[in-house]
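Chemist: with the sequence up front, the predicted model follows.
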Amino acid sequence: MSETIESVLEFWLGELGADGRASPEMVGRWWRKSDAFDQEIRDRFLSVHAAIANDQLEGWHETPRGRLAYVIVLDQFSRNMFRDTPQMYAEDKRCQRVALEGYDDKGLSELRYHERYFLFMPMMHAEDIELQRRGVELFASLERDFPGNAEGARQAMSFMRQHHDIVERFGRFPHRNKILGRETTAEEAEFLSTPGSSF
């Protein structure tokens, strides 16, 4: 396997600016749906994902940057490589467990703005209200620790709260029901008919 911790981080984050933020080009790739980008991730990183899922890269999460790469592969790459299939969520619990290991002061002190952002993302994706509450705490810390990025941190916090409120209300994300073969309740169906109900 030719990919490394640093090659994962370079691919996803690029070269961070002095403020710890990724370039607008990189940010656009994260949130814009693209079949070509999804395929690029599959071509380069499917073997890395499989190695992590098979417990072959446990040493990665022994350092802050290694843990971040591990989390990006499971939390972000999964959602690109396996888009609209149950497999996109299959490693979420493993990812959440590893991410939680990195939230102590020592683990975070080495990471910059967008690096911390992606280490926190598994909490946003969790169908567990306690982890959602942890996510609210963590995303609140971005504005405090990076005042120069306050506007972006506030936007991230708003998105975090949207996720929190959905899990607080339903105990899960109703928009995942169809993909995961779960029955949708009448209340969830009504919610899903409203704008902004899925991500």
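Modeler: Nice, I can see it.
Chemist: can you find the helix or strand of this protein with the lowest average pLDDT?
Modeler: helix 105-109 (a mean of 83; mean pLDDT, DSSP states H and E).
Chemist: where along the protein do the helices fall?
Modeler: 5-13, 24-31, 35-53, 64-71, 78-81, 92-101, 105-109, 113-124, 129-145, 150-170, 177-180, 186-192 (DSSP state H).
Chemist: what sits against the residue nearest the centre of the chain?
Modeler: With distances taken as CA atoms, centre = their mean, residue 121 lies nearest the centre of the chain, 3.6 Å away. By CB atoms under 8 Å, 6 or more residues apart in numbering, the contact list for residue 121 reads 71, 75-76, 99. All C-beta spots, glycine's among them, are computed from the backbone N, C-alpha and C.
Chemist: can I get those in JSON lines with pLDDT?
Modeler: Formatted as JSON lines, the contacts of residue 121 follow (pLDDT from 0 to 100):
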{"residue": "71", "pLDDT": "98"}
{"residue": "75", "pLDDT": "98"}
{"residue": "76", "pLDDT": "98"}
{"residue": "99", "pLDDT": "96"}
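Chemist: what about the least confident helix or strand of the chain, distance to the chain center?
Modeler: Relative to the chain's own centre, helix 105-109 is displaced by 18 Å; criterion: CA atoms, centre = their mean, to the nearest Å.
Chemist: so which elements touch that helix?
Modeler: With contacts defined as 3 or more CB pairs under 8 Å, 6 or more residues apart in numbering; DSSP states H and E, helix 105-109 has these neighbours: helix 64-71.
Chemist: need the contact partners of the least confident helix or strand of the chain.
Modeler: If you take CB under 8 Å, 6+ apart as the criterion, helix 105-109 is touched by 64, 67, 101-102, 116, 119.
Chemist: what about dumping the CA coordinates of stretch 71-79 to CSV?
Modeler: What follows is stretch 71-79, C-alpha atoms only, in CSV (Å, rounded to 0.1, in the frame of the first residue of the first chain):
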residue,chain,number,x,y,z
VAL,A,71,-10.7,9.6,10.9
ILE,A,72,-10.8,11.3,7.4
VAL,A,73,-10.6,8.0,5.7
LEU,A,74,-13.5,6.5,7.7
ASP,A,75,-15.6,9.5,8.1
GLN,A,76,-15.1,11.5,4.9
PHE,A,77,-13.8,9.1,2.3
SER,A,78,-16.5,6.5,3.2
ARG,A,79,-19.1,9.1,2.2
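Chemist: what lies in contact with that stretch?
Modeler: With CB under 8 Å, 6+ apart, stretch 71-79 has contacts from 8-9, 12, 30, 41, 45, 48-49, 52-53, 87-92, 94-95, 98-99, 102, 118-119, 121-122, 125.
Chemist: contacting residues around the closest residue to residue 148 other than its chain neighbours?
Modeler: Leaving aside its chain neighbours, residue 148 sits nearest to residue 19 (5.3 Å; criterion: CB to CB, 6 or more residues apart in numbering). Applying CB under 8 Å, 6+ apart to residue 19 gives the contacts 113, 146, 148-149.
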